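# heads up, no residue letters with this:
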């Protein structure tokens, strides 16, 4: 049995759908399994066992991992992420899970300039020291996060950021799900640490130019200082302070560390990743 931790999130949901497409059953954990089930399409639900579990409750996790042989671990960024993921890992190890696939982040290093990435480093280190077979996926920025820019684009044709002309790697979460499903079902792919990107890196100015061409009207990028962007995200977008700080940190990471596409996805799956152009065209209705 494959257990999906974080099944209600973007990457967890994408992995559920990809496993379903392969005909592979899985157990999807959620604090509200009924709500999770209601959000699944018919084909995915037919191969999914929604199961109650809470990352803050180790007993519920051990119950959920009974009979499981693999764990796909992805959880939303939060101040509690390290504690919750370590709870999941400890429970999985107690139950004899033999392979854990963890969704991590770029720059998962002890001295990373991104606080969340330092947390991912701690979680990766726990996995390495456990001796369990571990596959780490390190995706860059999700294309789906660009949909959060839609209200500002629809209202004023503006995107705010703090990246200057630096380029950012974007990856479609559906590609993460596809690769995760491959790793969970193909023993020859199990193990290792894999960065995941799309086929091209884009600056904010290039993204807005592309959107403008697709929409047939101007969309412009307004570059702010890191402090200005943090204030904008808190005061105008309503983000909690820690999340606004995370957004600023990852944008500044792209400034200080040049991001270029990586061919790992194609090497492991045998196909090219989805393109940003295709993603924006598919979701263009959000930006009107």
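The structure has been received and is ready for your questions. This structure is a prediction, so every number in the text was calculated from the model and none was measured. Numbers count the residues shown, from 1 in each chain.
# going forward, measure contacts between C-alpha atoms and count neighbours the same way
Noted.
# all helices of this structure, in order?
Under the criterion DSSP state H, the chain contains helices at 10-21, 33-38, 42-46, 58-64, 81-94, 115-130, 150-156, 173-185, 204-215, 226-235, 241-256, 264-269, 276-282.
# Show me what the first one is packed up against.
For helix 10-21, the elements it packs on are strand 2-5, strand 26-30, helix 42-46, helix 173-185, judged by 3 or more Cα pairs under 8 Å, 6 or more residues apart in numbering; DSSP states H and E.
# Mean pLDDT lowest where, among those?
Within these, the stretch with the lowest mean pLDDT is helix 42-46, showing a mean of 92.
# most packed of the helices and strands packed on helix 10-21?
strand 2-5 (a mean of 26; mean count of other Cα atoms under 10 Å).
# tell me what that one is packed against?
helix 10-21, strand 26-30, strand 70-73.
# partners of it, with directions?
strand 26-30 (parallel), strand 70-73 (parallel) (DSSP bridges).
# Now that we have those strands, can you turn them into CSV and tack on distance to residue 155?
Converted to CSV, the strands paired with strand 2-5 look like this (distance: least, Cα to Cα, whole Å):
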stretch, distance to residue 155
strand 26-30, 35
strand 70-73, 37
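# Between those, which one is closest to residue 220.
strand 70-73 (37.1 Å; Cα to Cα).
# to the chain's geometric centre, what's the distance from the closest one?
14 Å (Cα atoms, centre = their mean, to the nearest Å).
# Other residues contacting the lengthiest strand in the chain?
Using DSSP state E, we find that the single longest strand of the chain is strand 133-139. Strand 133-139 is contacted from outside by 98-106, 124, 127-128, 171, 176, 183, 190-197, using Cα atoms under 8 Å, 6 or more residues apart in numbering.
# Only the buried residues of that strand, if you could.
133, 134, 135, 136, 137, 138, 139 (16 or more other Cα atoms under 10 Å).
# Give me the neighbour count for the nearest residue to residue 176 once chain neighbours are set aside.
Using Cα to Cα, 6 or more residues apart in numbering and skipping residues adjacent in sequence, the residue nearest residue 176 is residue 11, 6.7 Å away. By the criterion of other Cα atoms under 10 Å, residue 11 has 27 neighbours.
# Any chance of CSV for the helices of the chain, columns distance to residue 288?
As requested, the helices of the chain are exported to CSV (distance: least, Cα to Cα, whole Å):
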stretch, distance to residue 288
helix 10-21, 23
helix 33-38, 28
helix 42-46, 30
helix 58-64, 43
helix 81-94, 35
helix 115-130, 33
helix 150-156, 5
helix 173-185, 23
helix 204-215, 8
helix 226-235, 22
helix 241-256, 24
helix 264-269, 32
helix 276-282, 12
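# All set now, cheers.
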